[in-house]
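[1] coords below, sequence missing:
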Ligand SMILES: NC(=O)C1=CN([C@@H]2O[C@H](COP(=O)(O)OP(=O)(O)OC[C@H]3O[C@@H](n4cnc5c(N)ncnc54)[C@H](O)[C@@H]3O)[C@@H](O)[C@H]2O)C=CC1
Ligand SMILES: CCCCCC(=O)CC\C=C/C=C/C=C/[C@@H](O)[C@@H](O)CCCC(=O)O
């Protein structure tokens, strides 16, 4: 198991919700944490709160829009200057917006790719790196479709596929970096209210009741529960290419079939 004492972690979308919970559990386990978020006010307030709770200079906030290549790169250089290294990188920032769907793709998928590649270039042994672990936050909607949010679903399937492919590349090329994905069901954060927002859901508002039925099937998790899942994926150094599905009735590592199950058809 990876010891976190003295390790340096980066968490995107850290100002609230799951990212705040992930940052806190990493701090509680001895890591230093760089908080990245587009919400500057909430990020600075959380930096102060965490430094008071866990010791001065254990946390630093960096205002970053993960859809901006330059902002992400600039922040990463500042993090290396301040902390000297990055051992853990959690790509968590994400939105739901089926109307501004290019924005959703740029944040949820392209933002994860940007963060992953920044971390990998720094961590991989062939570049003189010390190795490390990357956790990409997908969703249960990255394993099965969420009818009301086809674009959000597409981005989360993309995060799962990208994470699994890069984990395999890391194993084959011996990068010394583990890359895993988290696939939680509904979690009690501001994001889940999106299903009721015409501004975010647009043409799919008529499917709100379908999502409500899914929320009954998958009762909401608490941030603290999901944060324990993050800690597992970070600490268990046997896990690479793992997808941790999390629901209220339990969590499990997804077993992807070696062969794609299919029903033969005569062409
Ligand atoms: N809440 C849920 O039911 C579930 C959430 N997730 C995923 O977990 C991640 C976090 O979601 P929540 O904490 O629930 O959402 P949230 O809306 O509470 O927090 C998201 C955070 O990301 C930040 N953010 C948004 N756009 C950004 C950008 N362009 N650059 C940097 N930061 C940005 C926001 O300011 C906010 O602090 C997302 O990727 C989401 O898709 C996955 C499964 C379930
Ligand atoms: C609209 C609000 C979205 C909130 C953010 C999320 O990512 C929530 C995702 C939660 C649930 C997704 C459920 C998907 C369900 C179906 O695709 C089903 O096929 C999945 C089956 C999983 C199982 O039963 O093992």
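    Yep, that arrived. Here the structure is a predicted model, which is why all the values come from computation and not from measurement. Numbering: from 1, shown residues only. Ligands and ions are numbered 1, 2, ... in the order given.

[2] State the helix or strand in which residue 199 lies.
    Per DSSP states H and E, residue 199 falls inside helix 198-201.

[3] Residues contacting that helix, please?
    96-99, 148-149, 194-195, 205, 208 (CB atoms under 8 Å, 6 or more residues apart in numbering). Just so you know, the C-beta spots here come from the backbone N, C-alpha and C atoms, and that holds for glycine as well.

[4] near ligand 2 at all, stretch 195-205?
    Yes. Part of stretch 195-205 sits near ligand 2 under the criterion CB under 6 Å from any ligand atom, namely residue 195.

[5] Among the contacts of helix 198-201, which one has the most neighbours?
    Sorting those by how many neighbours each has (other CB atoms under 10 Å) puts residue 149 first, at 25 neighbours.

[6] residues touching that one, list them.
    Remark: with contacts taken as CB under 8 Å, 6+ apart, residue 149 is in contact with 96, 98, 141, 195, 201, 204.

[7] rerun at 10 Å
    Contacts of residue 149 were listed using CB atoms under 10 Å, 6 or more residues apart in numbering, and they are 96-98, 101, 104, 139, 141, 155-156, 194-195, 200-201, 204, 207, 211.

[8] Can you show me the helices along the stretch 51-200 of the chain?
    Assigned helices in the stretch 51-200 of the chain, in chain order: 69-83, 101-105, 111-123, 150-173, 198-201 (criterion: DSSP state H, counting those that start in this stretch).

[9] Pick the most buried one from those.
    Among these, the stretch with the highest mean neighbour count (mean count of other CB atoms under 10 Å) is helix 111-123, at a mean of 21.

[10] now the angle from that helix to helix 150-173?
    20 degrees (axes from the mean of the first three to the mean of the last three CA atoms, to 10 degrees).

[11] now the angle from helix 111-123 to helix 69-83?
    Using the same axes, to 10 degrees, helix 111-123 lies at 40 degrees relative to helix 69-83.

[12] tell me what helix 111-123 is packed against?
    Using 3 or more CB pairs under 10 Å, 6 or more residues apart in numbering; DSSP states H and E, the elements in contact with helix 111-123 are strand 8-12, helix 69-83, strand 88-91, strand 132-137, helix 150-173, strand 177-184.

[13] Pick out the residue of the stretch 1-150 of the chain closest to ligand 2.
    residue 144 (2.4 Å; CB to the nearest ligand atom).

[14] which residues does that residue contact?
    In this structure, residue 144 makes contact with 153, 156-157, 183, 185, 214, 245, judged by CB under 10 Å, 6+ apart.

[15] Tell me which two in those are the farthest apart.
    Spanning the widest gap among the contacts of residue 144 are 157 and 214, at 16.7 Å by CB to CB.

[16] which parts of this structure sit against ligand 1?
    When proximity is defined by CB under 6 Å from any ligand atom, the chain lies next to ligand 1 at 12-13, 15-19, 37-39, 64-67, 92-95, 107, 137, 139, 184, 186-187, 189-192.

[17] So which bits of the helix or strand following the helix holding residue 199 are buried?
    Once the chain leaves helix 198-201, the next helix or strand it forms, by DSSP H and E, is helix 208-217. When burial is assessed from 16 or more other CB atoms under 10 Å, helix 208-217 yields the following buried residues: 211, 214.

[18] Same check on stretch 218-229?
    Residues of stretch 218-229 classed as buried under the neighbour-count rule (16+ other CB under 10 Å) are 218, 221, 223, 225-227, 229.

[19] Same question for stretch 55-70.
    For stretch 55-70, burial by neighbour count (16+ other CB under 10 Å) applies to 58-67.
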